[in-house]
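**Q** Structure, please.
(chains A and B)
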Amino acid sequence: MNRYDCLKALVPHIKDQLVVPSVSGQWVWGELCPRDGNLLLGSMGNALGVGLGMALGLPHRKVIVIESDGSVLLSLFNLPTLGNLNPPNLVVFVFDNEMYSGSRISRPSATAGKTDLAAMARDAGIASAITVRDLDAFRHEALRAINENGLSFIVAKVTESFEHRQAPRSDMDLTENKYRFIRYIEKTEGIGIFAGRG
Amino acid sequence: MQLSSAILAAENEPVDPQLAKRTVEQLSRVGIDFITYLPETRLSDILPVLDNHEAIQLVPVASEAEAVTIASGAALVGKRAACYMEGTGLFVCSYNLLTVAIRVGVPLLLLVSYVGSFADQRNSFRFAPTGIRTEAQLKALGIEYQVIDRAGDIEEKIRDATRMMHALKQPVALLFTGDYST
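**A** From the prediction side, this is the model:
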């Protein structure tokens, strides 16, 4: 199982969910599923927190975070916060290839050693945290997580792949992405987000 | 009384309850409805007032880093967000301010206790090394800020900072010291 195949399996199930991919996942997700409901954040250690904030801010809207092992390891303080707040509208996928694969030379991360992210998440209070190891299990758990009410934290053990190094880079920077995303929220929620006058 | 005893006594003095109440009321008046926080020693008396405020969603966090990312996510879906933290926390979350709030352009009100500043009535060797670098850190990040050291200024300073954060669509900081540290 690799991340590309997992993300491809997610695409048919994306409707009005808000999707926040972490580093390197943003290129692949942006290519596979281009839409204004994505915030292609793409920085280490931030996507989980941003997605959690969205889930708390819009509790009736499903939010999907696409994370990686290295990025979650950089923001482990998110786990107890997530466990205690327990937002029922948040789905977190952690694609764990046990590597810092965006680093060009692919050095192993802590999950290549003794560290088990799903176990850490469970001990931090995320009772539903699980690990999946094949594509069928991923499809099954992803579909359940997207359609059910409840916090999901799914660690997908994937082989290292290099599709993100070949994926086309968007010419849309985060400022443009932000405005598209916000106008999408405004339209679909019927709210105004940015205050002020011109 | 020895100096250390005097500092210890000062650290246990609460912020004037009326000032805590005025601060929260003004935050609500300017539209703030979502606050992430890590408690600290100067401003924490606003927390019980916030706990009881129906219009403000109060979110406890484990690091100032996620105070920024969580508040940013909430702001991007329509909340008027603030982050409350100690001045030392500003250094913890500088990466997240830079890579999310500043890079994306998110209006956030940073409510920062200005520990170790000249007007900090509880200043000590624990805080001064942080305090003398706080404004330099904000300048390096390109974050606009105002210092609040007199209780009489609170309503105006919160109103002005909120207007600025919406105008810039960027984080803006308020540094609380003086009357907030007695």
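**Q** Now the most centrally placed residue in chain B: closest residue in space that isn't a chain neighbour?
**A** Among the residues of chain B, residue B:111 comes closest to the average C-alpha position under CA atoms, centre = their mean, at 1.6 Å. Spatial nearest neighbour of residue B:111, excluding adjacent residues (CB to CB, 6 or more residues apart in numbering or on different chains): residue B:84 at 4.3 Å. C-beta here means a position set from N, CA and C on the backbone, and glycine is covered the same way.
**Q** Hmm, residue B:180 is touching residue B:115, no?
**A** No: the pair residue B:180 / residue B:115 is not scored as a contact, 10.4 Å apart, by CB atoms under 8 Å.
**Q** Please compute how far the lengthiest helix in chain A lies from its chain's middle.
**A** Counting by DSSP state H, the longest helix found in chain A is helix A:174-189. Distance of helix A:174-189 from its chain centroid, counting by CA atoms, centre = their mean, to the nearest Å, is 18 Å.
**Q** now the strands: where do they sit in chain B?
**A** Assigned by DSSP state E, the strands in chain B fall at B:34-37, B:57-60, B:81-86, B:108-113, B:144-148, B:171-176.
**Q** With respect to burial, which of those scores highest?
**A** Neighbour counts (mean count of other CB atoms under 10 Å in any protein chain shown) averaged over each of these peak at strand B:81-86, with a mean of 28.
**Q** what's the burial count for residue 159?
**A** Just going to use chain A. 10 (other CB atoms under 10 Å in any protein chain shown).
**Q** Let me rephrase: I mean chain B.
**A** Using other CB under 10 Å: residue B:159 sits among 13 other residues.
**Q** do the one 3 residues further on as well
**A** By other CB under 10 Å, the residues close to residue B:162 number 23.
**Q** how far away is it from residue B:30?
**A** If you measure residue B:162 against residue B:30 using CB to CB, to the nearest Å, the figure is 4 Å.
**Q** Need the residues touching each of the two.
**A** Residues touching both residue B:162 and residue B:30 (CB atoms under 8 Å, 6 or more residues apart in numbering or on different chains) are residue B:80.
**Q** Please identify the helix or strand for the spatially closest residue to residue A:76 that is not a sequence neighbour.
**A** Nearest non-adjacent residue to residue A:76, counting by CB to CB, 6+ apart: residue A:120, 7.3 Å away. Residue A:120 is located in helix A:117-123, with elements delineated by DSSP states H and E.
**Q** So which bits of chain A are right by chain B?
**A** By the rule CB under 8 Å from any CB of the partner chain, the part of chain A lying against chain B is A:18, A:20, A:39, A:41, A:43, A:45-46, A:48-58, A:61, A:75, A:77-78, A:80-81, A:84-85, A:174-175, A:177-178, A:181-182, A:185, A:189, A:191-196.
**Q** now the helices for chain B?
**A** B:3-11, B:17-29, B:46-51, B:64-76, B:87-92, B:94-96, B:128-141, B:154-168.
**Q** Please state the offset of the fifth one from the chain centre?
**A** The gap between the average C-alpha position of helix B:87-92 and the chain average comes to 10 Å, counting by CA atoms, centre = their mean.
**Q** Count the neighbours of the closest residue to residue A:107 other than its chain neighbours for me.
**A** Nearest residue to residue A:107, sequence neighbours excluded (CB to CB, 6+ apart): residue A:100, at 5.0 Å. For residue A:100, the neighbour count with other CB under 10 Å is 19.
**Q** For residue A:100, give its distance to residue A:24.
**A** Distance, residue A:100 to residue A:24, using CB to CB: 10 Å.
**Q** Could you do residue B:36 as well?
**A** Taken as CB to CB, the span from residue B:36 to residue A:24 is 27 Å.
**Q** For residue B:50, see how far away the residue nearest to residue A:76 is.
**A** Residue A:120 is 30 Å from residue B:50, by CB to CB.
**Q** Contact partners for residue B:50?
**A** Applying CB under 8 Å, 6+ apart, the residues contacting residue B:50 are B:24, B:35, B:37, B:56, B:58.
**Q** For it, which non-adjacent residue is closest in space?
**A** Nearest non-adjacent residue to residue B:50 (CB to CB, 6+ apart): residue B:58, at 4.9 Å.
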